[in-house]
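1. my questions are about this predicted structure, shown below with the sequence.
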Amino acid sequence: MAIGVLYVDDEINNLNSFKASFRRDFEIFTASSAKEGRKVLDSQEIGVIITDQRMPGTTGIEFLESILPVYPDTIRILLTGFSDINAVMDAINRGQVYKYLVKPWQNDELKMYIENALEIYNLRKENKDLAHKLQLANAALDALGRPGL
């Protein structure tokens, strides 16, 4: 199963445009609210989340901050039509955002950032798997009464 890319934006035209632009390159999921986005996260393996900053109810930063405890390895990208330095700082500090991009996006540029983010996600996943295997190997050594490495 491919690792998904989730785009959250309250503007349906943006969701449709994003899906049309990237569906051939990535497994794309879209959501028109933070609540819908959370449902996708709970049911799919998502490696990259791209969210609009200005949405009714919950901002993109608030959404990203809220999912950090449950999905810490997912790479987060904030996309907004407004260049606001406070939003940039909040995104970095609170939402642990990998990239902050201004709308309208350039397809080639955004595709590159998504590819890079998926690579980081896969490396994080691989590192966790290797650390877990090392723990199991050390536990097996301990059980045999031999000192670990």
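-> Yep, that arrived. Numbering: from 1, shown residues only.

2. can you show me the strands along this protein?
-> Along the chain, counting by DSSP state E, strands occupy 4-8, 27-31, 46-52, 75-80, 99-102.

3. give me the sheet partners of the longest one and which way each runs.
-> Okay, so that is strand 46-52. strand 4-8 (parallel), strand 75-80 (parallel) (DSSP bridges).

4. and the angle from the helix of greatest length in the chain to strand 75-80?
-> Determined from DSSP state H, the single longest helix within the chain is helix 107-143. With axes from the mean of the first three to the mean of the last three C-alpha atoms, to 10 degrees as the basis, helix 107-143 and strand 75-80 are set at 150 degrees to each other.

5. which parts of helix 107-143 are buried?
-> 110, 113, 114, 117, 118, 121 (16 or more other C-beta atoms under 10 Å). (Glycine included, C-beta is placed from N, CA and C.)

6. just checking, what packs against it?
-> Judged by 3 or more C-beta pairs under 8 Å, 6 or more residues apart in numbering; DSSP states H and E, the packing partners of helix 107-143 are helix 12-22, strand 46-52, strand 75-80, strand 99-102.

7. and the shortest one, what does it pack against?
-> Counting by 3+ C-beta pairs under 8 Å, 6+ apart, the packing neighbours recorded for strand 99-102 are strand 75-80, helix 85-93, helix 107-143.
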